[in-house]
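Peer 1: My questions are about this predicted structure, shown below with the sequence.
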Amino acid sequence: MSASVEPQVEKGSVRRMLRNAGLYGVGSLLASLISQFIDPLLSYNLTRSEFGLVGLATTVSGLLIATYTLGLDGAAGRLYYDAERDPEQKRKLIGTLFAFHLGWLALLFGLHEALGPLVYPHFFKEMPFVPYGRLVAVALALNAVGAVPRAVWAAREDVKKLVQFRVVGALASAAALFALLGIWHVGPSAVLWAELVAAAVVAVPTVRFVVKTFGFAWDTIQLRAALIFALPMVVHLTSHWMLNAADRFVIDDVLGLDDLGLYSAAYKAIQICITLNLSLNAAYVPQFMRARTDATQVDFLGRAITTLLALSVAGALAVAALGPTAVRLFYSGSFAGAANLLPMLAPGGVFQALYLIYVNDLFQAKRTSIIPLLTLTSGIANVALCYWWIPRGGLEGAAWATSASYVVLALLVGITSRLRSKLPWERPRMLRLFGIAAPAWLGLWLLDGRLPLWPELAAKVGVLVLAAGALWASSFLSDDEKHAIVQTLRKSLRLPTGA
């Protein structure tokens, strides 16, 4: 692609960040709504044990994904900014990474096919290699093909393309699942087949984009620099798997597949929060990478961090308030116990957002070698807490262990980031935000399950309205921000300016 049509490098803008976050948010919302519509359907078509088997397969997929992507998406996303103004260097970088990645995926898939029948009976006894292990491997390979292209789109702030592919993938998965589960009654493997179909639908145009835009290349120097950045990310992402998913292995080990199915349904809560955080982060990172070393952008960075955390807090409170009601209304009665776990899982989403803010600073400084140690420590803490709390508190112990582990992760990465340099935090605004959000979350947790369904929902919405009103009445928002919000609402509601 010629330099004349490349996106221009712009100064940081909270308005642009919010616009991009809004586009990501719309795509995430649509994909999440499709998922939230499908999960209740699964609860009526699968037993809790079968739901647990699907959750186990998803967990295995999460364990293997780091070796399939090899951290090359992170390397492409970070090194793209170094080559941004040099089209030839950029072409060699992306072409080399993509060519190497295709070869790596072919090798890895062959190894999985050869060793899978030997490994799965020993490590994943309840999940046979055929069909589950093989379906996981094929879907992983197809998904990983798009890792480098997605990183390029994110760096170029090509939000619409990322959103389109996400929504198309979700729709393809939903359509395949309806056919496989509702018409052919395939059983729990239908979920994995649907994921494979979605990955295949998205893989073709992503490959076409890279080949057409950058072509294939081979630059040993660029590849070496990328692997130095990327390989520590394999340990980092695998450690993240311990943080995100080890609780399900412990639940399966201590409580059994039936309880694992119940917890897998509840874990959708924090997945919604994480999806929101990643959408916000995708809009934030390109501007952060360009603004971090620019002294004139300090104020922008402070406002951007505050905005990201405020939206993450709002999402976590919404999940804590509305999530339990959604489970009780739409899921099969056998999954009703999942509702009680959502308020306990929601705080983990906020600390995951805090971790993202700090880890971006380490990525920008290319200090990737320390990150795996931090995430590994947090993952080990998650496993230890799970084995300590689950036998004593059951699934509630697992939920608290997950949230506590995200606190550990945010603290470790935050301290490491601050040893390098200090991010421009708006401390007074942060104190107001969390000083109002923490009591609101506590009120939502204490209300949950205490009243009949609809009065409880009304009370929870009241708590959210009071929290929003308290933030508005405090000096958390500046006059300019309040004015911008009012004008946006007026335009959305088509009210006259003087209304």
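Peer 2: In hand now; what should we look at?
Peer 1: hang on, Thr416 packs against Leu374?
Peer 2: Yes. With contacts counted by CB atoms under 8 Å, Thr416 reaches Leu374, the gap being 6.2 Å. No exception for glycine: its C-beta is placed from N, CA and C like everyone else's.
Peer 1: now the helix or strand containing Met289: mean pLDDT?
Peer 2: Element membership of Met289, judged by DSSP states H and E, is helix 268-291. Helix 268-291 shows an average pLDDT of 80 in the prediction.
Peer 1: Can you give me the buried ones in that helix?
Peer 2: The neighbour-count check on helix 268-291 (16 or more other CB atoms under 10 Å) flags 268-270, 272-277, 279-291 as buried.
Peer 1: neighbour count winner among Thr416 and Leu374?
Peer 2: Higher neighbour count among Thr416 and Leu374: Leu374, with 24 against 18, using other CB atoms under 10 Å.
Peer 1: Leaving out chain neighbours, which residue sits closest to the more buried one?
Peer 2: Excluding the flanking residues, the one nearest Leu374 by CB to CB, 6 or more residues apart in numbering is Leu412, at 4.4 Å.
Peer 1: doesn't Thr377 make contact with that neighbour?
Peer 2: Yes. Look at Leu412 against Thr377 with CB under 8 Å: they come within range, at 6.1 Å.
Peer 1: ok, the two, which is more surrounded?
Peer 2: Leu412 (20 against 17).
Peer 1: Enumerate every residue touching that one.
Peer 2: Leu374, Thr377, Ser378 (CB atoms under 8 Å, 6 or more residues apart in numbering).
Peer 1: now, which of those residues sits nearest Pro131?
Peer 2: Set against Pro131, the nearest of those by CB to CB is Ser378 (33.4 Å).
Peer 1: who are the neighbours in contact with the closest one?
Peer 2: Ser378 neighbours (CB under 8 Å, 6+ apart): Ser239, Met242, Leu243, Ser405, Tyr406, Val408, Leu409, Leu412.
Peer 1: For Pro149, state which of the residues you listed is nearest.
Peer 2: For the contacts of Ser378, the nearest to Pro149 is Ser239 (25.6 Å; CB to CB).
Peer 1: Contact partners for the closest one?
Peer 2: Counting by CB under 8 Å, 6+ apart, the residues that Ser239 touches are Pro372, Thr375, Leu376, Ser378, Gly379.
Peer 1: Specify the next element, helix or strand, located C-terminal of the lengthiest helix in the chain.
Peer 2: Counting residues, the longest helix found in the chain (DSSP state H) is helix 371-420. Where DSSP H and E defines the elements, the next helix or strand beyond helix 371-420 is helix 427-447.
Peer 1: Against which helices or strands is that next one packed?
Peer 2: Judged by 3 or more CB pairs under 8 Å, 6 or more residues apart in numbering; DSSP states H and E, helix 427-447 is in contact with helix 298-330, helix 342-364, helix 453-473.
Peer 1: Any chance of TSV for those, columns mean pLDDT, distance to Leu196 and mean neighbour count?
Peer 2: Output for the helices and strands packed on helix 427-447, formatted as TSV (pLDDT from 0 to 100; distance: least, CB to CB, whole Å; neighbours: other CB atoms under 10 Å):
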stretch	mean pLDDT	distance to Leu196	mean neighbour count
helix 298-330	91	26	21
helix 342-364	92	28	24
helix 453-473	93	38	15
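Peer 1: Based on its surroundings, how many neighbours for Leu64?
Peer 2: Around Leu64 there are 18 residues (other CB under 10 Å).
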